[in-house]
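Participant: Fold the stuff below for me.
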Amino acid sequence: MSGSADKITRMANQIATFFASYPQEEAVAGVRKHIKDFWEPRMKDQIRAQVAAKNAELSPLVVEAVETLPR
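Facilitator: Prediction:
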């Protein structure tokens, strides 16, 4: 993975770690909302690309949140 992809993966997983103690639906919604509200479009495109590439390092919460992230 490139440095940029590593950074995006690490950031997304940190968000997922924060929400991990929440019930599943709330955790996914929290990750999705954070990415939607605070990440710039390039970052969103990068995390979508990581999900599409099936990056095994991504938290399942991140994957589920990004799959339901509005365009």
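
Participant: residues of the host helix or strand of residue 31 that come out buried?
Facilitator: Mapping residue 31 onto the secondary structure by DSSP states H and E places it in helix 24-38. The neighbour-count check on helix 24-38 (16 or more other Cβ atoms under 10 Å) flags 27-32, 34-35 as buried. Yep, even glycine has a C-beta here, placed from its N, CA and C like the rest.

Participant: residue closest to the middle of the protein?
Facilitator: Among the residues of the chain, the one closest to the centroid is residue 62, at 3.7 Å (Cα atoms, centre = their mean).

Participant: between the buried residues of helix 24-38, which is nearest residue 13?
Facilitator: Using Cβ to Cβ, the shortest approach to residue 13 within the buried residues of helix 24-38 belongs to residue 31, at 9.8 Å.

Participant: mind showing which ranges of the protein have poor pLDDT?
Facilitator: Counting by pLDDT under 70, the ranges of the chain that qualify are 1.

Participant: Who are the packing partners of the helix ranked longest in the chain?
Facilitator: Of all the elements of type helix in the chain, the one with the most residues (DSSP state H) is helix 3-19. Applying 3 or more Cβ pairs under 8 Å, 6 or more residues apart in numbering; DSSP states H and E, one finds that helix 3-19 contacts helix 24-38, helix 41-52, helix 60-67.
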